[in-house]
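S.K.: Make a model of this:
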Amino acid sequence: MRPIDPDHLMDFENIFGRLRNLADPEVIAGMARFGIATHQALGISLPALRKIAREIGKDHRLALQLWESGIHEARILAGLVEDANLVTEEQMEQWVSDFDSWDLCDQCCNNLFIRIPMSDQKAKEWTIRGEEFTKRAGFVLIACLAVHDKKASDDFFRDFFPLIIAGSSDQRNLVKKAVNWALRQIGKRNQELNRYAIETAMKILKNESSVTRWIGRDALRELQSPSVQKRLADH
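M.R.: Have a look, this model is predicted:
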């Protein structure tokens, strides 16, 4: 861990002290039930972290210090207060390599990484990496972009379908769920992408692996549902 910047020492100590005061063993027990890594956790709810983040605003140096603490909730808070304009590719690579829990991965991608211009480039790179959390991060980024990037074209998202097909053969649970999530979110953007997503799910269903077929079946269940089809038709 790098030495803490003296100019920001008090801010970091105050915030970290607040986090320790919020520690709750019952929250840790709940986290463990959902498969969240707790070996470096204090036990703090996400709403409490979001409240602190709103009070802090954006602070690059503090975000780096919080991340380097190694504490689970401090890292989630780091993603909330980090200034996306100051994040480098090197920092993205460092942080993704530190992911050790699905919720940290998802929160960091949704709160920070999708606001960085190179997010689509990193999504494509990470989905073909071997590390479990890095690969998950790639597909989570695709899902988050599908939800939040309202201006992106259909072609932008079509480029992700081959990666989804390739990723569907990964048998790891955290990866498989992220692949499924990415496919469903793209397919809910509009009717055209819905058709492409359904075709992709059909291709995935031809795989012999039960894990892979689950991705296709579960995606089709939502993408072909009357509620989704009606919403897309109305828009």
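S.K.: so Gln224 sits right up against Ile198, yeah?
M.R.: Yes. Look at Gln224 against Ile198 with CB atoms under 8 Å: they come within range, at 6.5 Å. Every residue, glycine included, has its C-beta placed from N, CA and C.
S.K.: Among the two, which residue is more densely surrounded?
M.R.: Ile198 (17 against 14; other CB atoms under 10 Å).
S.K.: does that one really touch Leu223, like I thought?
M.R.: Yes. Ile198 is within contact range of Leu223, at 5.4 Å (criterion: CB under 8 Å).
S.K.: Name the residues contacting each of the two.
M.R.: Common contacts of Ile198 and Leu223 (CB atoms under 8 Å, 6 or more residues apart in numbering): Gly187.
S.K.: Show me what counts as buried in the one helix or strand Arg217 maps to.
M.R.: According to DSSP states H and E, Arg217 maps onto helix 210-223. With burial defined by 16 or more other CB atoms under 10 Å, the residues of helix 210-223 counted as buried are Thr212, Arg213, Trp214, Ile215, Gly216, Asp218, Ala219, Leu220, Glu222, Leu223.
S.K.: Is the fifth one in contact with Glu199, as I believe?
M.R.: No. Gly216 is beyond contact range of Glu199, at 10.7 Å (criterion: CB under 8 Å).
S.K.: tell me the domain ranges of the chain?
M.R.: For the chain, automatic domain parsing gives the domain ranges 1-100, 118-235.
S.K.: want to throw those domains into JSON lines with distance to Cys109 and mean pLDDT?
M.R.: Listed next are these as JSON lines, based on distance: least, CB to CB, whole Å; pLDDT from 0 to 100:
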{"stretch": "domain 1-100", "distance to Cys109": "8", "mean pLDDT": "90"}
{"stretch": "domain 118-235", "distance to Cys109": "4", "mean pLDDT": "96"}
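S.K.: hey, which of those domains is tucked in deepest?
M.R.: Sort the domains of the chain by mean neighbour count, taking mean count of other CB atoms under 10 Å, and domain 118-235 sits at the top with a mean of 18.
S.K.: hmm, back to that, closest to Asn110 out of the domains of the chain?
M.R.: domain 118-235 (4.9 Å; CB to CB).
S.K.: Check the separation of the first and last residues in that closest one.
M.R.: One end of domain 118-235 sits 29 Å from the other (CA to CA, to the nearest Å).
S.K.: Next: stretch 26-39.
M.R.: Per CA to CA, the first residue of stretch 26-39 is 14 Å away from its last.
S.K.: so how far is the longest helix along the chain from its chain's centroid?
M.R.: The residue-count maximum for a helix in the chain (DSSP state H) belongs to helix 132-148. Averaging C-alpha positions (CA atoms, centre = their mean, to the nearest Å) puts helix 132-148 5 Å from its chain's average.
S.K.: let's number from 8 now, not from 1
M.R.: In the new count, where the first residue is 8, that last one comes out as helix 139-155.
S.K.: Going along the chain from that helix, find the next helix or strand for me.
M.R.: In N-to-C order, the element after helix 139-155 by DSSP H and E is helix 161-165.
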